[in-house]
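Undergrad: this is a predicted model, with the sequence first.
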Amino acid sequence: MDAGSFSMTLVLLILLALAFDFMNGFHDAANSIATVVSTGVLKPWQAVIWAAFFNVLAWAVFHLSVAATVGKGIIDPSFVDNRLIFGALIGAISWNLITWYYGIPSSSSHALIGGMIGAALVKAGLQPLLWPGILKTASFIFIAPLLGMAFGATLMVIVSWICFRQTPRRVDKWFRRLQLLSSASYSMGHGGNDAQKTMGIIWLLLIANGVTTKEHLPTWVVMSCFLAIGVGTMFGGWRIVKTMGQRITKLKPVGGFAAECAGSVTLFMATHFGIPVSTTHTITGAIIGVGTTRGTSAVRWGVAGNIVIAWIVTIPASAGIAALGWWLGGLFF
C-alpha cells in the first residue's frame, strides 16, 4: 500500500503504540540497569545508555517470533479494529503509569496482553480470544520467574565454588568487569522480547486497516519499535530501580552477574520459542534465586510477595481499564 493508505487515525494509533513501547522501556529500564547500578559498576546515566544501546542491537540477533505470537496468537485478527487497539493501548499505558508511580515492578508485557483481552471481551465476548496463545503467555507468569530463580541460584553456586580460594577483593574486581557483559546480554534479551510485543500490536493494526498482510511485517515497524524502547530505556524508570536493585536482596557484583546471566538465558530461550514473557518476572526471579544462596533470610519475602501480587493483578487490571478505553474509543471511532 502507498502512503495514502495511512489515515490520520491510523497514524495516531501507531504513535500511541510507539508511546507504549517508549513507556515499556521507561518502565522496565530498572530490569536492565538495577543490578549494575546497585552494585556500583556503572553510574545511572552510564547504565541507561549502555542498556539502551543493547536494546536496539537486539534487532540483529532475534527472529520475530514474539511479534508473530502477539500479532496473530492472542486475538483473532479478523475481529480487530481501530477501537479495539485504542482500548488495548489505553489499558496497557494506564497500568504502566500507575505501577511506575508507586514503584511497583509489574509487567508491561502482561499489561499489553491484558489490554488486548479486555478490549476484545467487551467488543465480542470470548469468540476473538485465541486460547493456546493466551494460556502459553499466562503460564509464563509463573514459569519465567521460576526459571530465573533456578538459573540464578545454580549459577551463583557454581561461581562461588570456582572463586572459593580467591580473595573477596579480587572476586569483586573480576565481576565488576564481567557484569558489563552480563548486563549487556540481559538488555539485549529485554529489547528482543519486549520490543516485539509492540511490533505485534502495530502489525494487528496494519492488518485491520488493509495496509499489510498476516505474512508481512514491514521493516519500518521493526526498526521504529526497537528505537522507541531504546529511547524509553534511556530515560529510565528510577522509581523502580531501588526496589529491583536492593529492596529484594542486597547484591554484590558477583550476584548481579549471576542474576543477569540467569535472566538472559531465560529471555533468550523464550524469545527463540516466540513466548512473550515478562522481563520483570524473569529478573525478579533471578535476583531471588541469587539471594537464596545466602539463606532464605537474605531475601525480603514481604517485598517479593507484594511484587507477585502485582503480577497476578496486572492482566485483569489492565483488561478492566482497556474495557473502559474501548468504551471511550466509541466517541472517536
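TA: Yep, it's here.

Undergrad: what segments of this protein are helices?
TA: Applying DSSP state H to the chain gives helices spanning 8-38, 44-57, 65-72, 82-101, 108-124, 131-162, 168-208, 219-235, 238-242, 253-272, 279-292, 301-329.

Undergrad: now residue 287: how far from residue 281?
TA: From residue 287 across to residue 281, the span is 11 Å (C-beta to C-beta, to the nearest Å). For every residue, glycine as well, the C-beta is placed using N, CA and C.

Undergrad: re earlier: tell me which of the helices of the chain is the most buried.
TA: helix 279-292 (a mean of 29; mean count of other C-beta atoms under 10 Å).

Undergrad: which of the helices of the chain has the lowest average pLDDT?
TA: Comparing mean pLDDT across these, the weakest is helix 238-242, with a mean of 54.

Undergrad: who are the neighbours in contact with the residue nearest to residue 221 when sequence neighbours are not counted?
TA: Leaving aside its sequence neighbours, residue 221 sits nearest to residue 202 (C-beta to C-beta, 6 or more residues apart in numbering; 5.1 Å). By C-beta atoms under 8 Å, 6 or more residues apart in numbering, residue 202 lies in contact with 14, 17-18, 221, 225.

Undergrad: hmm, try it at 6 Å
TA: Counting by C-beta atoms under 6 Å, 6 or more residues apart in numbering, residue 202 touches 14, 17, 221.

Undergrad: what's the answer for residue 20, then?
TA: Here residue 20 is in contact with 89, 92-93 (criterion: C-beta under 6 Å, 6+ apart).

Undergrad: give me the distance between it and residue 94.
TA: 10 Å.

Undergrad: cool, and residue 149?
TA: 30 Å.

Undergrad: ok, now residue 108?
TA: 12 Å.

Undergrad: correct me if wrong: residue 209 contacts residue 11.
TA: No. Contact status for residue 209 versus residue 11: not in contact, 10.5 Å apart, counting by C-beta atoms under 6 Å.

Undergrad: any common contacting residues for those two?
TA: Counting by C-beta under 6 Å, 6+ apart, no residue touches both residue 209 and residue 11.

Undergrad: please consider this matter closed, and thank you.
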